[in-house]
Structure formats: C-alpha cells, structure tokens
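Colleague: Predicted model follows, preceded by the sequence.
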Amino acid sequence: MKIEIKFNEPLLGTMSGNKEIFEEFIASKNPKGIQEDEIESVPELTEEIKKCSTVFARDKDNKPILWDYHIKGYFKEACKAMIDSDTIAKKELQQFRLTDYLHKRTIDKLIFIAPRRIKLILPENEKLVFCERPLRGQTMRGERIALARSEEAPAGTKLNCEIILLNGKLMNFVKRWLDYGVLSGLGQWRNSGKGRFEWKEII
C-alpha cells in the first residue's frame with residue numbers, strides 16, 4: 001500500500017544535532033549496531049546550536065528526511081493506544097499477536113516501510129525553522145525548567161512511503177493506526193498537537 005501523509009500541524013525533528021551524542025546514546029542502541037548512514041545524515045550545525053537542538057536527518061542533497069523506523073515507531077504507539085482503549089476485542093487482537101507483550105515484535109517482523117529514507121516535501125517557499133519551548137520536570141529538589149529547541153517543518157509538509165505487509169490481514173489495523181494520526185502524530189512534543197497528520201492511499 002502506497003500512502004501520502006500530510007501534516008496538519010508542524011513536525012519537529014527528533015535527532016540530536018550533536019553527532020557524538022547521537023552515536024553514543026541513540027545509534028548504539030540499534031540491535032544491528034551503529035548504522036553509518038544514520039551518523040552521516042546528521043546535518044552540520046554551529047557549535048552553539050547543535051549542543052541543545054534536535055534536528056531532522058538529511059539526505060545526500062541536504063534535504064530533510066524521516067527514517068523508515070519513525071513510521072514503525074508510530075505504528076507501535078498507535079497500536080498500544082488501540083490496545084489500551086479496548087476499542088477492539090482483546091480476543092481479536094490476540095489472534096493477530098497484537099497484545100501488550102507481542103505487538104512490537106509483530107510490527108517489527110511483519111510490517112515494513114519503504115524507502116528507508118523518506119523525503120519530507122515542504123510547502124512551496126517554506127523552510128525549516130526552530131521551535132523553542134520550556135520543559136518542566138519534577139525532581140527531588142523541586143521543579144526544574146530547561147529549554148528545548150527542535151527543527152520544525154511547517155504544516156502542509158508531506159511525505160510519501162510504501163507499507164509492506166507480510167500478513168495482509170493486518171491491513172485493517174494499519175489503516176486504523178494511520179487514522180489515529182489526526183489525534184496523535186509523529187515527532188517531538190506530540191502532546192501539544194505537533195506532528196498531527198491526515199493520510200490517503202495513492203496509486
């Protein structure tokens with residue numbers, strides 16, 4: 001199934017702008033080991049910006065992209081919301097191994113996204129900007145506030161990708177997960193509405 005996703009709200013980048021941090025704390029967690037193409041996709045930023053920013057990966061033409069695993073990760077989150085909401089009988093979910101303990105493995109093994117690098121198509125005459133917002137957290141010493149800074153693709157940004165299913169009976173679930181994007185989308189700061197999207201099937 002080939003689809004187009006159009007973001008109704010701005011989309012925030014999730015990759016650390018610092019290559020060393022990305023390699024040590026994120027890329028190293030990949031079960032397949034550090035992927036060199038992911039390290040190379042971190043854009044070159046000024047020292048001041050890269051220390052405190054999350055960004056989009058870049059392709060060889062320095063255009064922003066998402067990786068295929070961003071879509072898979074979204075499917076896992078949407079599936080978990082489906083499980084928790086009890087909108088579908090647990091017996092039906094169990095039939096397709098979409099349970100609390102198995103849904104991530106099922107998605108990893110039976111659902112694939114192509115291409116690996118998914119281009120972000122920005123609206124004409126629009127460009128990436130930075131979104132800054134405070135992060136509040138409770139610690140043993142009281143509330144702490146930090147500044148978060150993320151690259152932002154504007155509303156209206158699109159992407160095209162293909163969803164490949166090894167079990168065609170999962171298609172109904174995949175479509176429901178995509179529908180969930182109107183409520184909870186991709187990228188950072190999703191609880192504020194960032195990254196919400198609509199989708200359509202394309203030929």
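Modeller: In hand now; what should we look at? Residues are numbered from 1 along each chain as shown.

Colleague: where exactly do the strands run in this structure?
Modeller: Remark: strands of the chain, listed N- to C-terminal, are 2-7, 11-12, 15-16, 53-55, 57-58, 64-67, 111-114, 117-119, 129-139, 142-153, 158-165, 197-202; assignment by DSSP state E.

Colleague: middle-most residue in the protein, spatially?
Modeller: residue 70 (3.5 Å; C-alpha atoms, centre = their mean).

Colleague: list the contacts for that one?
Modeller: With contact set as C-beta atoms under 8 Å, 6 or more residues apart in numbering, residue 70 has these partners: 14, 118, 186, 187. All C-beta atoms are positioned from the backbone trio N, CA, C, and that covers glycine.

Colleague: likewise residue 201?
Modeller: With contacts taken as C-beta under 8 Å, 6+ apart, residue 201 has the following neighbours: 1, 2, 3.

Colleague: list the buried ones in the helix ranked longest in the chain?
Modeller: When the chain is parsed with DSSP state H, its longest helix is helix 68-85. Residues 68, 70, 71, 72, 74, 75, 76, 77, 78, 79, 82, 83 are the ones in helix 68-85 that count as buried (16 or more other C-beta atoms under 10 Å).

Colleague: gap between it and the chain center?
Modeller: Between the mean C-alpha location of helix 68-85 and the chain-wide mean there is a distance of 10 Å, by C-alpha atoms, centre = their mean, to the nearest Å.

Colleague: Could you tell me the angle between that helix and strand 197-202?
Modeller: 110 degrees (axes from the mean of the first three to the mean of the last three C-alpha atoms, to 10 degrees).
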